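Undergrad: Just a sequence and a predicted model for now, questions to come.
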Amino acid sequence: VSVAPQGVAVVGAGPAGVRAVEALLAHGLRPVWIDEGLRAGGQIYRQPPPNFVRDASALYGFEVRKAQRLHRVADAMAAQADYRPSTLVWDITESALHVAGSGGSGAIAFEAAILATGATDRIIPLPGWTLPGVFSLGGAQTALKAQAVAIGGRCLFFGTGPLLYLVAYQYAKAGAQVAAVLDTGSAAGRRSALPRLLANTPALTKGLYYLAWLRSHGVRIESGIEPLAVLGKAQAEGLRFRDAAGATQEIEADALAFGYGLRSETQLADLAGCRFAFDPIDRQWLPERDAEGRALGAANIYLAGDGAGIAGADAAEAAGERAALALLSDRGIAVPAERCRTLERRLAGLHRFRAGLAEAFPFPAHLARRIGDETILCRCETVSAGSLRAAIDGIDATEINRAKAYSRIGMGRCQGRICGSAAAEVLSAALNSDIAGVGRLRSQPPVKPLPVGAL
Amino acid sequence: VSAAPPSGRFLRLAEATRRPITLTIGSERIQALEGDTLLTALLLARGSLRQSEFGDGARAGFCLMGACQDCWVALADGRRFRACTTMAEDGMALEAIP
């Protein structure tokens, strides 16, 4: 067991983790800083490998200054903090992190930790979604940003959320062929969300710009659609969907990417003993925290960024710094009160915007609740939605962990990261119960599979 | 409009001047560039990464950011790697992919 210098650990090097480490260092605390990524930036400001040469503005667009600022701060701190990239925290107890990767393997004792674990796409399975050529929206973006590749020759994007339009724009701008952008949300929903979206005018303006750019470049865009199936037998060949007028249509594409907003990565917060509450906007069980970032139920844990509730990169930066200031203050180190208030005000404004986004791009829970019996729900172990429904039929599985034991849903290698949201909807529909009532999948160490020998 | 992919699934849009490297998949040699992930290298050369062990066909990854675990591949020496978070290296020898 090694010991974190000065007892403080930060997990994650996205916008929240970087700003947390920056604030700790500025007040004289040198944390151990662990990140799964090869380079700092997280998913949103992900950096390609060092031998890539594209201009940063080609990678980050309007966010180029924010991305570069964050990278500069991270680079400058890499030598000051005990920085360990390409390293997974696979378990956490109240006093130790268990890590594996380039930064070494073993236990690191800590007194306080900031968890900034980020988020991944929220998925609703549909027939054919496991075929080669179907990816998540975030995955499609990562392919382009971090590897300079398109997921296929003719790419179709569907689902809902700001990422849908951003990824389509980035693909088209980079020279990829975009077959269509199909949104399950409606134009009316986006209009009625406008007042709340005005809480973050720059983000709203950028979103409108992407939409206008795509339209002016002749990209087919439809709203109010319902995806029906990925076409193709051995690989993806297109999408069948119902348009807003109710007509069934098909569009050819050899690559598809989809997602319905984001879901928080909460496994470490769970293993650390944080208390969870159901969040109706994220439609997910989330670790509870106070306005300053202290986790409830786990005295030495602080939470920041999308891993504790979806609020976006700007909020993550503010929350990372705020959580670090809370940690410092709890250790008796004086922090500037005015800065704390400024960050809290910024976070409150960004949370209003977040609520607006949920209204503009609502999660189509009804699609998840009526996933067909034959559709594969768990792609890890090829478990169908029908198997989940059959497994709970006639037994007392009113809660998702019991349903998991009977159906193996959520038991695969991804621990339910991909199917968990939809499985909860299927279960709640089958039981005719409230979505919050079916509970949340308990996390198990290791939170991700480890290479043999890492233990 | 033809939706048939070229020989590989992915399409390289830029950054094509990096140092070339060679990998093998079974007896097949594939070219890649230094800085490609294993997943990128494989999907630029072919359509999929592996067969599902549950008999429902080929898989080609999904999340591309280390969350879904759909892209684990085996080297000829038996070591297994998550292709989306592993860098391709010159001389890497992968097990043949059915």
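TA: Perfect, thanks for sending it.

Undergrad: Return the residues in contact with A:Ala180.
TA: A:Leu156, A:Phe157, A:Phe158, A:Val219, A:Arg220, A:Ile221, A:Glu222, A:Leu239, A:Ile251, A:Ala253 (C-beta atoms under 8 Å, 6 or more residues apart in numbering or on different chains). Glycine gets a C-beta too; all of them are placed from N, C-alpha and C.

Undergrad: and A:Val11, what are its bridge partners?
TA: In this entry, A:Val11 is beta-bridged to A:Ile34, A:Leu115, by DSSP bridges.

Undergrad: Contacts only, for it.
TA: A:Val11 neighbours (C-beta under 8 Å, 6+ apart): A:Gly17, A:Ile34, A:Asp35, A:Val89, A:Leu97, A:Ala113, A:Ile114, A:Leu115, A:Ala116, A:Thr117, A:Leu268.

Undergrad: still on that earlier bit, just the contacts of A:Ala180 that are near chain B?
TA: Among the contacts of A:Ala180, the residues that sit close to chain B (C-beta under 8 Å from any C-beta of the partner chain) are A:Ala253.

Undergrad: Just the contacts of A:Ala180: which are in helices?
TA: Assigned to helices by DSSP state H, none of the contacts of A:Ala180 qualify.

Undergrad: ok, back up a step: can I get the contacts of A:Val11 in TSV with pLDDT?
TA: Conversion of the contacts of A:Val11 to TSV gives the following (pLDDT from 0 to 100):
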residue	pLDDT
A:Gly17	98
A:Ile34	97
A:Asp35	97
A:Val89	97
A:Leu97	97
A:Ala113	98
A:Ile114	98
A:Leu115	98
A:Ala116	98
A:Thr117	98
A:Leu268	98
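
Undergrad: sorry, back to before: of the contacts of A:Ala180, just the buried ones, PyMOL syntax please.
TA: One line in PyMOL is enough to select the buried members of those, burial here meaning 16 or more other C-beta atoms under 10 Å in any protein chain shown:
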select buried, chain A and resi 156+157+158+219+221+222+239+251+253
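
Undergrad: ok, the contacts of A:Ala180 vs A:Asp82, which is closest?
TA: Taking C-beta to C-beta as the measure, A:Asp82 lies nearest A:Phe157 of those, at 40.0 Å.

Undergrad: And the helices in chain B?
TA: Under DSSP H, chain B gives helices at B:38-45.

Undergrad: For stretch A:93-113, buried residues please.
TA: Neighbour count says stretch A:93-113 has A:Ala96, A:Leu97, A:His98, A:Val99, A:Ala100, A:Gly101, A:Gly103, A:Ser105, A:Ile108, A:Phe110, A:Ala112, A:Ala113 buried, by 16+ other C-beta under 10 Å.

Undergrad: beta partners of the fifth one?
TA: For A:Ala100, the beta-bridge partners under DSSP bridges are A:Leu88.

Undergrad: and the gap between it and chain B?
TA: Counting by C-beta to the nearest C-beta, to the nearest Å, the separation of A:Ala100 from chain B is 13 Å.

Undergrad: ok, that residue touching A:Pro451?
TA: Yes: at 7.5 Å, A:Ala100 counts as touching A:Pro451 under the criterion of C-beta atoms under 8 Å.

Undergrad: Sort out which one of the contacts of A:Ala180 lies nearest chain B for me.
TA: A:Ala253 (5.7 Å; C-beta to the nearest C-beta).

Undergrad: Flag the shaky bits of chain B, pLDDT-wise.
TA: Where chain B drops to pLDDT under 70, the residues are B:1-6.

Undergrad: How about the residue most central in space within it: what's its closest non-neighbour residue?
TA: Nearest residue to the geometric centre of chain B (C-alpha atoms, centre = their mean): B:Leu42, 2.2 Å. Closest residue to B:Leu42 apart from its sequence neighbours, by C-beta to C-beta, 6 or more residues apart in numbering or on different chains: B:Leu49 at 5.7 Å.

Undergrad: can you pull the contacts of the one you found?
TA: So B:Leu49 contacts A:Pro132, B:Leu39, B:Leu42, B:Leu43, B:Ala58, B:Arg59, B:Ala60, B:Gly61, B:Cys71, B:Val73, B:Ala83, B:Ile97 (C-beta under 8 Å, 6+ apart).

Undergrad: what about 7 Å?
TA: Listed by C-beta atoms under 7 Å, 6 or more residues apart in numbering or on different chains, the contact set of B:Leu49 reads B:Leu39, B:Leu42, B:Arg59, B:Ala60, B:Gly61, B:Cys71, B:Val73, B:Ala83, B:Ile97.

Undergrad: got it, and A:Gly439?
TA: A:Glu399, A:Ile400, A:Asn401.

Undergrad: isn't A:Val357 right next to A:Pro162, touching?
TA: Actually, residue A:357 is Leu rather than Val. Yes: between A:Leu357 and A:Pro162 there is a contact under C-beta atoms under 7 Å: 6.4 Å.

Undergrad: does the nearest residue to A:Leu262 once chain neighbours are set aside have beta-bridge partners, and which?
TA: Closest residue to A:Leu262 apart from its sequence neighbours, by C-beta to C-beta, 6+ apart: A:Ala119 at 4.1 Å. Beta bridges link A:Ala119 to A:Ser264, judged by DSSP bridges.

Undergrad: does A:Ala119 really touch A:Arg263, like I thought?
TA: Yes: the pair A:Ala119 / A:Arg263 is scored as a contact, 6.0 Å apart, by C-beta under 7 Å.

Undergrad: returning to what we had before: got the buried residues of stretch A:93-113 as CSV, with secondary structure columns?
TA: CSV is the format used below for the buried residues of stretch A:93-113 (DSSP: H, G, I helix; E, B strand; the rest coil):
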residue, secondary structure
A:Ala96, strand
A:Leu97, strand
A:His98, strand
A:Val99, strand
A:Ala100, strand
A:Gly101, strand
A:Gly103, coil
A:Ser105, coil
A:Ile108, strand
A:Phe110, coil
A:Ala112, strand
A:Ala113, strand
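
Undergrad: Tell me the one of these nearest A:Arg339?
TA: A:Ala112 (19.7 Å).

Undergrad: need the contact list for the residue nearest in space to the middle of chain A.
TA: Taking C-alpha atoms, centre = their mean, the centroid of chain A lies closest to A:Ala119, which sits 1.9 Å from it. Applying C-beta under 7 Å, 6+ apart to A:Ala119 gives the contacts A:Leu262, A:Arg263, A:Ser264, A:Glu265, A:Asp306, A:Gly307, A:Ile310.

Undergrad: Please report which of those residues has the highest neighbour count.
TA: A:Asp306 (29 neighbours; other C-beta atoms under 10 Å in any protein chain shown).

Undergrad: Can you tell me the closest non-neighbouring residue to that residue?
TA: A:Ala119 (3.9 Å).

Undergrad: how far away is that neighbour from A:Gly153?
TA: 29 Å (C-beta to C-beta, to the nearest Å).
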